[in-house]
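how would this look folded up:
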Amino acid sequence: MYQKPNQRLVGQTAIITGASSGIGRACAIALAREGANVVVNYIGNPAGAEEVAGVIQADGGQVRLVQADVSQEEQVQRLFAQTIEAFGTVDILVNNAGLQKDSLFVNMTLEQWRFVLDVNLTGQFLCAREAAREFLRRGPRPDVSQATGKIICMSSVHEFIPWAGHANYAASKGGVMLLMKSIAQELGEYKVRVNSVAPGAIRTPINRMAWETPQSLNHLLKLIPYKRIGETSDIGAVVAWLASDEADYIHGQTIVVDGGMALYPGFEDNG
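Have a look, this model is predicted:
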C-alpha cells in the first residue's frame, strides 16, 4: 500500500544493490519517495531495473541505473565512481544484492558454496568498504544528516536460524551479521552508522515456491505467528526509516522483520 512519504532523505544519495526486483526494488522506491537520489544497481535484469527507474521517475524522483557485479572489486569501484560523478557523493548504501544456490550439504559443490559467499558476503564487504571510504573522504554533511554516512546490510533470519539444505546461504548471512557488527564497531567514532535488516518470509521471486499455491502458503504460515507473509514494502519501509535521522542512535544492530518467525512458533502450544 502506498503511503505519503515524509521526505526524510532529501538531499542524500543512496545506492541500492540488487535493486531490479524484490526487496531491492522496494527499497529503491521507498528511499526515492523519501527524497533521496537513487542509484539502482543490477546485474542480469535490465528490464527490471528500467521498470524501477520508471516508477521512481513517475513520482518525480532522481534515479540512475548502474550495472555491476558486486562480487567483483573493479565493478564495485566503478559503481561508486559513476554514482559520485552523477550526484557528487554517496550518503546511504543498502547492501541488498544476494542469491541462493540450494543443495543438500553432502551434495553441495565448491562452486555452489563460492558463488553464494562471493555475492552475499564478499559483495557486501566490497560495497561497504567503498561506501566507508567515500564517507571518510567526504566527511560529515550536517545539512542533510546527523550521520556521516549510513550502511544498511540486508541479512536474513537465517543469520541465527539454521537452515538445512541451505548451508551456503545461512553461512553467508551469519557472516553478514558479524561483518556488520565489526565495521560498526570500527566506524562508529566517525559517525558512520552501520546496521542490518533481517527479513523473514517475504513474497519475492527468490522464494516463489514457498507461497505461490494455497497449500505451500498455508504450510509457510505455520512458521509465522502473525499469520501473513511479508511484503517487500514491509522491508522498504524499515530501510527508509533506518536510513533517516529518526534512527540516528541505532548502530550495530540487526532489525528483524519477520512477523514473529524468530519466536519459534513450533513452541506456541508448549512444544
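
quick one: the helices in the stretch 1-150 of the chain?
Counting by DSSP state H, counting those that start in this stretch, the stretch 1-150 of the chain has helices at residues 22-33, 46-58, 73-87, 110-117, 123-138.

ok now the first one, how far from the chain's centre?
Taking Cα atoms, centre = their mean, to the nearest Å, the mean C-alpha location of helix 22-33 is offset from the chain mean by 10 Å.

do the same with the shortest one
For helix 110-117, the gap between its own C-alpha mean and the chain's C-alpha mean amounts to 20 Å (Cα atoms, centre = their mean).

I'd like the distance between the nearest residue to G48 once chain neighbours are set aside and A53.
Leaving aside its chain neighbours, G48 sits nearest to S20 (3.5 Å; criterion: Cβ to Cβ, 6 or more residues apart in numbering). Bear in mind the C-beta positions are built from the backbone N, C-alpha and C, glycine included. According to Cβ to Cβ, to the nearest Å, S20 and A53 sit 10 Å apart.

Then K181?
To A53, K181 is 33 Å away according to Cβ to Cβ.

Neighbours of A171, how many?
Close neighbours of A171, defined as other Cβ atoms under 10 Å, add up to 18.

With Q72 as the reference, measure out to it.
In terms of Cβ to Cβ, A171 sits 21 Å off from Q72.

ok, now R141?
29 Å.

now T89, nearest residue through space, not along the chain?
Excluding the flanking residues, the one nearest T89 by Cβ to Cβ, 6+ apart is R138, at 5.2 Å.

Thought D91 was touching that neighbour, still the case?
No: R138 is not in contact with D91 according to Cβ atoms under 8 Å; the separation is 9.0 Å.

give me the element N218 is part of.
Assigned by DSSP states H and E, N218 falls within helix 214-221.

what's that helix packed up against?
Helices and strands touching helix 214-221, as assessed by 3 or more Cβ pairs under 8 Å, 6 or more residues apart in numbering; DSSP states H and E, are absent.

Could you list the buried residues of that helix?
Residues of helix 214-221 classed as buried by neighbour count (16 or more other Cβ atoms under 10 Å): L220, L221.

Stretch 82-98 too?
82-84, 87, 89-98.

now, the most widely separated pair of those?
T89 and G98 (25.4 Å; Cβ to Cβ).

The residue nearest to T89: neighbour count?
The number of residues packed near R138 is 15, by other Cβ under 10 Å.

again with R208
As a burial measure, R208 scores 11 neighbours (other Cβ under 10 Å).

Pull up the per-residue confidence for it.
For R208, the model assigns a pLDDT of 74.

So it, which state does it fall into?
Recorded secondary structure, R208: helix (DSSP: H, G, I helix; E, B strand; the rest coil).

which ones are touching it?
Contacts for R208 (Cβ atoms under 8 Å, 6 or more residues apart in numbering) come out as none.

Assess the claim that M154 and S196 are in contact.
Yes: between M154 and S196 there is a contact at 7.2 Å, judged by Cβ under 8 Å.

Now do the shared contacts for these two.
By Cβ under 8 Å, 6+ apart, the residues touching both M154 and S196 are V176.

Contacts for the longest helix seen in the chain, please.
When the chain is parsed with DSSP state H, its longest helix is helix 167-187. With contacts defined as Cβ under 8 Å, 6+ apart, helix 167-187 is touched by 98, 100-103, 105, 108, 112-113, 115-117, 120-121, 124-125, 128, 132, 135, 151, 153-156, 158-163, 193-196, 198, 251-252, 254.
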